[in-house]
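Colleague: no FASTA, just this:
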């Protein structure tokens, strides 16, 4: 059910209508159930990772500290979007207030940006652990780890708050339909009066800077890691070193792929549907993949989880 709102000429928009997925809206209850299960699985999985890391002393290392922060961010990232999407699927209520829309837009891009910076830091951490093992404990001290996480959050906040504030200060006098399932900054810029190309350009430039900075850090780090690993004398050592990096690279590939498709490629209105699908992958699939990949492919987390389950059984 699409909510309609009459807007007189010159009247400021007080709320927006999220278009969602009109082609499959008739499957609302089925989609509600699927997305609810994905949301619960993602939040539960990421919360489980955080709990295991903080409960098991063997995982009190910089790599797992960054992973726990990343998992916490993923819980927030998916929560900014999915609850509203569930409301759309279940009740057809597509309206969102002006303030809630911009709050959602900022939370989404802030958490997303901070996550990419954090993934870059995790690449740096793997580089130091594998290529500079003797200096690693000194360089990656607890104080350094906290400073790096603070820097990631601060950079994400500063870079993303600028376009959101600029856009929120513009006039919105209709139409008020956002062709998306959440308040993304790109579609919002096209609803302002007049349409603000400069803010849209600023936003995409900032996103491009963010993606390429994080990607550059990752490429440099992993190029050095590969060179170092290939020089290891034992095949078993090489396999172990590669396995510690594989989970990180899988998550990175999904994140970069979906975000480059949405934000960096040339914008065409005819591609809005494909943008929505890519955004859904970025919003739902990536946070869901994170706990699956890091628990199933990581032997230390896997062992810590088994030990925790054993303790629970013994207590019973």
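Modeller: Everything's here; your move. These numbers were taken from a predicted model, which means no experiment stands behind them.

Colleague: please identify the helix or strand for residue 203.
Modeller: helix 197-230 (DSSP states H and E).

Colleague: what's the average pLDDT for that helix?
Modeller: The average pLDDT within helix 197-230 is 84.

Colleague: how about residue 181, phi and psi?
Modeller: With angles defined as degrees, to the nearest 10, residue 181 sits at phi -100, psi 0.

Colleague: quick one, what contacts residue 191?
Modeller: Residues near residue 191 by C-beta atoms under 8 Å, 6 or more residues apart in numbering: 13, 16, 172, 175, 176, 178. Where you see a C-beta, it was placed from the backbone N, CA and C, and this is true even at glycine.

Colleague: go again with 10 Å.
Modeller: 13, 16, 167, 170, 172, 173, 174, 175, 176, 177, 178, 179 (C-beta atoms under 10 Å, 6 or more residues apart in numbering).

Colleague: drop anything exposed from those.
Modeller: Applying 16 or more other C-beta atoms under 10 Å to the contacts of residue 191, the neighbour count classes 13, 16, 167, 172, 173, 174, 176, 177, 178, 179 as buried.

Colleague: thought the last one was touching residue 94?
Modeller: No. Using C-beta atoms under 10 Å as the test, residue 179 is too far from residue 94 to be in contact (11.6 Å).

Colleague: which neighbours do these two have in common?
Modeller: Residues touching both residue 179 and residue 94 by C-beta under 10 Å, 6+ apart: 17, 18, 19, 20, 22.

Colleague: any idea how far residue 52 is from the third one?
Modeller: In this structure, residue 19 and residue 52 are separated by 39 Å, where distance is defined by C-beta to C-beta, to the nearest Å.

Colleague: comparing the two, which residue is more hemmed in?
Modeller: residue 52 (22 against 18; other C-beta atoms under 10 Å).

Colleague: let's verify the more buried one: helix, strand, or coil?
Modeller: Here residue 52 is recorded as helix under DSSP: H, G, I helix; E, B strand; the rest coil.

Colleague: now do the contacts for the nearest residue to it once chain neighbours are set aside.
Modeller: Nearest in space to residue 52, with sequence neighbours left out and distances taken as C-beta to C-beta, 6 or more residues apart in numbering, is residue 304 at 5.0 Å. For residue 304, the contact set (C-beta under 10 Å, 6+ apart) comprises 49, 52, 53, 55, 56, 57, 58, 59, 64, 295, 298.

Colleague: what about residue 304, which SS state?
Modeller: Quick answer, by three-state DSSP: residue 304 is helix.

Colleague: please begin residue numbering at 32 from this point
Modeller: With 32 as the first residue, the last one maps to residue 335.

Colleague: ok, it to residue 194 distance?
Modeller: 41 Å.

Colleague: go on, residue 183?
Modeller: According to C-beta to C-beta, residue 183 stands 19 Å off from residue 194.

Colleague: just the buried ones from the shared contacts of residue 210 and residue 125?
Modeller: Here, 16+ other C-beta under 10 Å leaves 48, 49, 50, 51 buried among those.

Colleague: the last one contacts residue 209, correct?
Modeller: Yes. Under the criterion of C-beta under 10 Å, residue 51 makes contact with residue 209 at 9.4 Å.

Colleague: give me the number of residues near residue 285?
Modeller: Residues near residue 285, counting by other C-beta under 10 Å, number 16.

Colleague: spell out which helix or strand contains it, please.
Modeller: In this structure, residue 285 is located in helix 266-290 according to DSSP H and E.

Colleague: still on that earlier bit, need the pLDDT of the residue nearest to residue 83.
Modeller: Residue 335 is given a pLDDT of 76.

Colleague: any idea how far it is from residue 84?
Modeller: For residue 335, the distance to residue 84 - C-beta to C-beta - is 8 Å.

Colleague: ok, now residue 265?
Modeller: Note on residue 265: its distance to residue 84, by C-beta to C-beta, is 29 Å.

Colleague: those two: who's more crowded?
Modeller: Shown here are residue 265 and residue 84; by other C-beta under 10 Å, residue 84 has more neighbours (24 against 8).

Colleague: overlap in contacts of residue 335 and residue 84?
Modeller: Here residue 335 and residue 84 share the contacting residues 90, 95, scored by C-beta under 10 Å, 6+ apart.

Colleague: show me where the stretch 32-181 of the chain has strands.
Modeller: Ranges of strands in the stretch 32-181 of the chain, per DSSP state E, counting those that start in this stretch, are 46-49, 126-128.

Colleague: who are the packing partners of the shortest one?
Modeller: Contacts of strand 126-128 with other secondary structure elements, assessed using 3 or more C-beta pairs under 10 Å, 6 or more residues apart in numbering; DSSP states H and E, are made with strand 46-49, helix 113-122, helix 129-162.

Colleague: quick one, which of the ones you listed gets closest to residue 61.
Modeller: helix 113-122 (8.5 Å; C-beta to C-beta).

Colleague: list the buried residues for the closest one?
Modeller: Buried-residue list, helix 113-122, by 16+ other C-beta under 10 Å: 113, 115, 116, 117, 118, 119, 120.
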